[in-house]
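>>> Sequence and predicted structure below; questions after.
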Amino acid sequence: MSDTSECRICGGAVHEFFDFGRQPLADAFVDPDGGAEEFFHRLAVAQCESCTMVQLLEDVPRERMFRTDYPYHSSGSTVMQQHFRATARHFLDTELRDPDAFLVEFGSNDGIMLDTVHRAGRRHLGVEPCKGVAEAAAAKGIRVRNAFFEESTAAEIAAADGPAQVVYAANTFSHISYVDSVFRGVDALLAPNGVFVFEDPYMADIIEQTSFDQIYDEHFYFFTVRSVQAMAAHYGFELVDVEHLTVHGGEIRYTVARRGARTPSPAVGLFLEREKAARITERDTLARFAAAVDKVRDDLRAVLERCKAEGATVAAYGATAKSATLTNYCGIGPELVSYVADSTPAKQGRLSPGSHIPVRSPEEFAADYPDYAVLFAWNHAEEIMAKEEGFRRAGGRWIVYVPEVKVV
Ligand code: SAM
Ligand code: TMP
Ligand code: ZN
């Protein structure tokens, strides 16, 4: 494991602004019958004083996080299915109009986006290191390579399949500490006028909503338009478009091209201005964020302690990777939240990482509603609250903590 106080991108000095202490791997659900000892690492986040990139200080080896049995299956959300269908259609209508066009997606998971590209008959390839989800995609007829995307993989793909008009990654590029190798890979693979498009949680939304649970081992970088523009330039590319997305609590879709290949859209300048006005990369803003995190922790603990004192039953909903940071940082275990309901079969019957809250099925939740449910999957609030409207009808109340702690 490497630990650094130099920016992973530009080599500038980085300043820590929050330390969550020792944290487990956010997707390492625990076998209740024992098994391998849990792996902990130091979760601390810092900002580069030069290029402003926000990044973790400690890098967990990728093979520990992205394993054969990686439990996150993207297709578990119908809202995300719609989002990725629309994304694929957008590419098919623009960059992929030529019948021979080629798209490569890294972090393709269970094929949630590539399914539409495949059905449209376009050349595509998913690059996905986790065997379980890669096989789920392959079972749908999608072309997948079970590997990590990096320079060598990209060069092999370019040699076998030729240049790609689009290289795409959703909720994946920010997971990869070794961006230098990824950019060299994109350079090897991208057609001269091709685009590298990626979407990831937006640091401005994280600050605005105090959504500190977005910070965990897999989320290595926290992008802003300013830091992505600097990063792209550092590797010989250019940020040419940005689009704000509402999914996963607020993300930005960045479009990067070879330097000079495309004219940057006005949205880039507009977002840079907005970020400047909101002072999101200033030290005092990060200090206020740190204070707001501790307020959420204290408020949430107070609500849960009160429920316990009153003898109310409390469960949670959505065994998200994010909730590992929430529960472990706030000291929330089964004594405060008796179980967490989640639709993912690979998580059910296991215990949440570090905090050891049992994961049960949504059917068990519906069979005997608790008095309160903490919405761990707050980024899927609309979908889950609609699906579980019986809970509120039965008198149940949701406890939410983003952007602040509230019982609704
Ligand atoms: N793209 C999907 C989505 O947005 O729902 C999946 C996102 S999931 C949070 C991150 C995915 O990136 C995982 O499936 C993981 O295995 C994959 N991943 C991590 N590092 C990678 C790398 N170097 N190359 C390709 N995929 C990678
Ligand atoms: P995510 O925030 O990383 O997308 O994880 C969401 C988790 O919530 C994932 O484990 C699946 C679960 N989930 C449900 O149990 N029911 C649902 O309706 C949705 C949308 C997600
Ligand atoms: Zn830097």
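Perfect, thanks for sending it. Note that the structure is predicted; figures quoted are calculated from it, not measured. Numbering: from 1, shown residues only. Ligands and ions are numbered 1, 2, ... in the order given.

>>> what's the spacing between Phe29 and ligand 2?
10 Å (CB to the nearest ligand atom, to the nearest Å). (Glycine included, C-beta is placed from N, CA and C.)

>>> next one: Glu335
23 Å.

>>> contacting residues for the closest residue to that residue other than its chain neighbours?
In space, and not counting its chain neighbours, Glu335 is closest to Lys308: 7.5 Å by CB to CB, 6 or more residues apart in numbering. When contacts are counted by CB atoms under 8 Å, 6 or more residues apart in numbering, Lys308 touches Val314, Glu335, Leu336.

>>> One more: Pro334?
The contact partners of Pro334, taken as CB under 8 Å, 6+ apart, are Ser355, His356, Ile357, Pro358.

>>> Kindly give a single ChimeraX line that selects the buried subset of those.
In ChimeraX, a selection of the buried entries from the contacts of Pro334 looks like this (16 or more other CB atoms under 10 Å):
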select :355,357,358
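
>>> out of the contacts of Pro334, which touch ligand 1?
Checked against ligand 1 using CB under 6 Å from any ligand atom, these give no members in range.

>>> Just name the closest of the contacts of Pro334 to Phe223, please.
Taking CB to CB as the measure, Ser355 is the one of the contacts of Pro334 closest to Phe223, at 28.0 Å.

>>> Could you grab the helix/strand/coil label for Ile207?
Secondary structure, DSSP: H, G, I helix; E, B strand; the rest coil: Ile207 is helix.

>>> Verify the stated contact: it with Ala287.
No: Ile207 is beyond contact range of Ala287, at 11.1 Å (criterion: CB atoms under 8 Å).

>>> quick one: which of these two has more around it?
Per other CB atoms under 10 Å, whichever of Ile207 and Ala287 has more neighbours is Ile207, with 22 against 12.

>>> so what's the more buried one closest to, chain neighbours aside?
That would be Phe289: by CB to CB, 6+ apart, it lies 5.1 Å from Ile207.

>>> Let me have the contacts of Pro334 in TSV, adding distance to Val402, secondary structure and pLDDT as columns.
Shown next, in TSV, are the contacts of Pro334 (distance: CB to CB, whole Å; DSSP: H, G, I helix; E, B strand; the rest coil; pLDDT from 0 to 100):
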residue	distance to Val402	secondary structure	pLDDT
Ser355	18	coil	98
His356	23	coil	98
Ile357	19	coil	98
Pro358	23	strand	98
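
>>> If we only consider the contacts of Pro334, which is nearest to ligand 2?
Comparing those against ligand 2 with CB to the nearest ligand atom picks out Ile357 as the nearest, at 13.1 Å.

>>> before we move on, the earlier item: closest to Val340 among the contacts of Pro334?
Nearest to Val340 among the contacts of Pro334: Ile357, at 5.2 Å, using CB to CB.

>>> surely that closest one meets Leu351?
Yes: judged on CB under 8 Å, Ile357 makes contact with Leu351 at a distance of 6.6 Å.

>>> who's in contact with the residue nearest to Thr224 when sequence neighbours are not counted?
Nearest in space to Thr224, with sequence neighbours left out and distances taken as CB to CB, 6+ apart, is Met203 at 4.8 Å. Residues counted as contacts of Met203 (CB under 8 Å, 6+ apart) are Val54, Phe222, Phe223, Thr224, Ser227, Ile280.

>>> so what's the second one scoring on pLDDT?
Confidence per residue is given as pLDDT, and for Phe222 that number is 98.

>>> Where does it sit: helix, strand or coil?
Following three-state DSSP, Phe222 is assigned to strand.

>>> Residue of the stretch 151-300 of the chain closest to ligand 2, please.
Nearest residue of the stretch 151-300 of the chain to ligand 2: His248, at 6.6 Å (CB to the nearest ligand atom).

>>> Once you drop chain neighbours, what's closest to the closest residue to ligand 1 within the stretch 101-250 of the chain?
Nearest to ligand 1, among the residues of the stretch 101-250 of the chain, is Gly107, at 2.9 Å (CB to the nearest ligand atom). In this structure, Gly107 finds its nearest non-sequential neighbour in Thr172, 2.7 Å apart by CB to CB, 6+ apart.

>>> Could you report the neighbour count for the one you found?
22.

>>> can you pull the contacts of it?
Phe106, Gly107, Phe198, Asp200.

>>> How much space separates the residue of the stretch 301-408 of the chain found nearest ligand 3 from ligand 1?
Among all residues of the stretch 301-408 of the chain, Thr325 sits closest to ligand 3, at 23.7 Å; criterion: CB to the ion. From Thr325 across to ligand 1, the span is 15 Å (CB to the nearest ligand atom).

>>> That residue: what secondary structure?
Here Thr325 is recorded as helix under three-state DSSP.

>>> List the residues that contact it.
Contacts for Thr325 (CB under 8 Å, 6+ apart) come out as Phe20, Gln23, Ala26, Leu43, Phe212, Asp213, Ile215, Tyr216.

>>> in the stretch 101-250 of the chain, which spans are helices?
For the stretch 101-250 of the chain, the helices defined by DSSP state H, counting those that start in this stretch cover 114-119, 131-138, 151-161, 179-189, 203-209, 225-234.

>>> Let me know whether the last one sits next to ligand 3.
Right, the one you point to is helix 225-234. No: contact of helix 225-234 with ligand 3 (CB under 5 Å from the ion) is absent, the minimum separation being 7.2 Å.
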